[in-house]
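**Q** here's a sequence, model it:
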Amino acid sequence: MRKLLKWVLGLLVGFGLLLIVAIAIISVHFDPNAYKQTLQQEFKSATNRDLQINGKIHLSYYPWLGVVVEDVRVGNPPEFSEPWFVDVGRMDVSVKLLSLFHGDIIANKIELKSAKFNFITR
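**A** Residues are numbered from 1 along each chain as shown. Okay, the predicted model is just below:
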């Protein structure tokens, strides 16, 4: 019984260390800011609206896997008088990590700070 407990504890410690090393490697080699232009182009093609990301994009790992984006704007359609539908000072989106292993994206938290919305009706 004691050997089994040591083995399980060693396995958990090894998995934890592997996870810390993986996070460190991702943090050093992956720059989410390099994908700003691609994100803006994909958003434009999918919604026919402009997306501006003027601030930095940061990854967060604890307590959930997430992205923090600063100074984001989403445009209105061209026929509207106001150019921006939403102007967000900071957006924090986190997802459940286990859902990613199943191919699903389940948002755990979506937090907007300093958000200004322009709702226009015809």
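
**Q** ok but residue 45 is inside a strand, no?
**A** No: secondary structure of residue 45 (DSSP: H, G, I helix; E, B strand; the rest coil): helix, not part of a strand.

**Q** burial count for it?
**A** 8 (other Cβ atoms under 10 Å). (Glycine included, C-beta is placed from N, CA and C.)

**Q** which other residues reach the worst-scoring helix or strand of the chain on mean pLDDT?
**A** Of all helical and strand segments in the chain, the minimum by mean pLDDT, DSSP states H and E falls on helix 97-101, at a mean of 74. Under the contact criterion Cβ atoms under 8 Å, 6 or more residues apart in numbering, helix 97-101 has outside partners 64, 65, 105, 106.

**Q** if you rank the residues you listed by neighbours, which is first?
**A** Highest count within the contacts of helix 97-101 by other Cβ under 10 Å belongs to residue 65, 17 neighbours.

**Q** roughly how far apart are it and residue 19?
**A** Between residue 65 and residue 19 the distance is 12 Å, computed by Cβ to Cβ, to the nearest Å.
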